[in-house]
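Trainee: here is the input, now give the coordinates:
(2 chains)
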Amino acid sequence: VTAGLSRNHGPPVSYSPRYTRAMANHSVTRTEGSTARRAATTSFSVSLPNSLYDALKEAVGSGTVSSYVARAVEDKMANDGLEQIVADYVARTGRRLTEQDMTRVDREWEDSFAFRPVDAEATAA
Amino acid sequence: VTPVGSVLFDSQALRLLLRDDPRILAVTARAAQRRIPLHVSVLTVVETAQGRGDRRRLDWVLSRFRRIDEVTPADGFTALDLLRQGGGLSGQAYAIDACLAALALRLPGHTVVYTSDAGDWWRLVGGRVGIVSV
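Mentor: Predicted coordinates:
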C-alpha cells in the first residue's frame, strides 16, 4: 500500500517454509470462531463520494469500517482472480467461453440440488 | 430455483481447472460473473498437489483464488457425525470427503460442490448441498 501512514504488525504467524512459499499471497478464511490470528495491518486514508460514505456507514452497522472494507476488497480481488484465470485460458488457447457454456453451468447448478445417484451404493463402491 | 451462494471444488475439479477443462473454466467464469465465491480447501490443495503435476501452475491458480479455506476442529466433529449418519462410512478417502462436506455446509448460502465422488457426497450430505459430478 503506497499511501500507508502507519503499520501495525500483528503477532507473528508461523507457517511451514513450504506453505509460506506456496501460499505467500493467500489468506486463510475463517467463517466461524477460532483461535485468534491477526494479520499485520496498514492504515491509510481513502476518499469516497459523500453519498457512498453515508451508505457505507449504514451498511457497516455495529461492525467496523475497516473489517467491512477489508472483506469487500478481499472479495473483489478473489473475484478478479477468477476472471484472470479465465482470461489467461483465453489468451493461451484462443478459445472463448460462449453464452451456451454459461447457460450449461446455470442448468448444472439448478439440477445439482435435485441430484440423486442412479445407484448410490454402486457409485460409493 | 435455488440461489447459489458458494461453489466448492474437490481435488478432481481443481485438477480439471489446472488442465484447462472448458467445462470447469465455464464454472469459474460464471462464478466470477455472478460474484459467487469459489472455494477450495487446504485438504483439496494437498490432494491435488501430491504426485505429478505442474506445481508452478497450481501455485499461480491458487494465488488467483486469494483464499484457501481451512478445515477447522469444528468441521472435524461435524465430519464424524456425517460419517456416522452416512451409514458408518470409514476410510481415509471418506474422512477427507466428510471434512469437505462439513466445510460445504458452513459456506455462505447454498453451496454447489463439483466432485468426482458424487455418490459419496450424496451419502454424506445428500439434499443439503448441490452436487455436480465431474
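Trainee: what about the longest helix anywhere in chain A and chain B, any contact?
Mentor: Longest helix in chain A, counting residues (DSSP state H): helix A:65-93. Yes: Helix A:65-93 lies within reach of chain B by CB under 8 Å from any CB of the partner chain, at A:74-75, A:77-79, A:81-86, A:89, A:92-93. All C-beta spots, glycine's among them, are computed from the backbone N, C-alpha and C.
Trainee: list the buried residues of the lengthiest helix in chain B.
Mentor: Longest helix of chain B, by residue count under DSSP H: helix B:92-106. Along helix B:92-106, these residues count as buried under the neighbour rule (16 or more other CB atoms under 10 Å in any protein chain shown): B:Y94, B:A95, B:I96, B:D97, B:A98, B:C99, B:L100, B:A101, B:A102, B:L103, B:A104, B:L105.
Trainee: grab the nearest non-local neighbour of the second one.
Mentor: Counting by CB to CB, 6 or more residues apart in numbering or on different chains, B:A95 lies nearest to B:A79, which is 6.9 Å off, once chain neighbours are set aside.
Trainee: okay, now the one you found: neighbour count?
Mentor: 23 (other CB atoms under 10 Å in any protein chain shown).
Trainee: swap in B:R35?
Mentor: Counted with other CB under 10 Å, residues neighbouring B:R35 total 11.
Trainee: what residues are up against it?
Mentor: The contact partners of B:R35, by CB atoms under 8 Å, 6 or more residues apart in numbering or on different chains, come to A:D75, A:N79.
Trainee: separation between the residue nearest to B:R64 when sequence neighbours are not counted and B:G91?
Mentor: In this structure, B:R64 finds its nearest non-sequential neighbour in A:G81, 3.5 Å apart by CB to CB, 6+ apart. Using CB to CB, to the nearest Å, A:G81 is found at 34 Å from B:G91.
Trainee: show me what the longest helix of chain B is packed up against.
Mentor: On a contact count with 3 or more CB pairs under 8 Å, 6 or more residues apart in numbering or on different chains; DSSP states H and E, helix B:92-106 meets strand B:4-9, helix B:42-49, helix B:73-85, strand B:110-115, helix B:118-125.
Trainee: CA atoms only for the third one, dumped as CSV, please.
Mentor: Read that as helix B:73-85. Provided in CSV are the C-alpha atoms of helix B:73-85 (Å, rounded to 0.1, in the frame of the first residue of the first chain):
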residue,chain,number,x,y,z
PRO,B,73,-11.7,-28.6,14.5
ALA,B,74,-15.5,-28.0,14.4
ASP,B,75,-15.5,-29.3,10.8
GLY,B,76,-13.8,-32.4,12.1
PHE,B,77,-16.5,-33.1,14.6
THR,B,78,-19.2,-32.4,12.0
ALA,B,79,-17.4,-34.8,9.7
LEU,B,80,-17.6,-37.5,12.4
ASP,B,81,-21.4,-37.0,12.6
LEU,B,82,-21.7,-37.1,8.8
LEU,B,83,-19.8,-40.3,8.6
ARG,B,84,-22.0,-41.9,11.2
GLN,B,85,-25.2,-40.6,9.6
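Trainee: what comes up buried for the longest helix of chain A?
Mentor: A:A78, A:N79, A:G81, A:L82, A:Q84, A:I85, A:V86, A:Y89.
Trainee: so which of those comes closest to A:F113?
Mentor: Checking those against A:F113 with CB to CB, the nearest one is A:L82 at 22.3 Å.
Trainee: check contacts around that closest one.
Mentor: Taking CB under 8 Å, 6+ apart, we find A:L82 in contact with B:T28, B:A29, B:A31, B:A32, B:L38, B:R64, B:F65.
Trainee: quick one on the thing from earlier: I figured the residue nearest to B:A95 hits B:L89, correct?
Mentor: No: B:A79 is beyond contact range of B:L89, at 10.1 Å (criterion: CB atoms under 8 Å).
Trainee: need the overlap of contacts for the two.
Mentor: Here B:A79 and B:L89 share the contacting residues B:A98, scored by CB under 8 Å, 6+ apart.
Trainee: what angle sits between the longest helix of chain A and strand B:4-9?
Mentor: Here the directions of helix A:65-93 and strand B:4-9 differ by 50 degrees (axes from the mean of the first three to the mean of the last three CA atoms, to 10 degrees).
Trainee: that's all I had, so thanks and see you.
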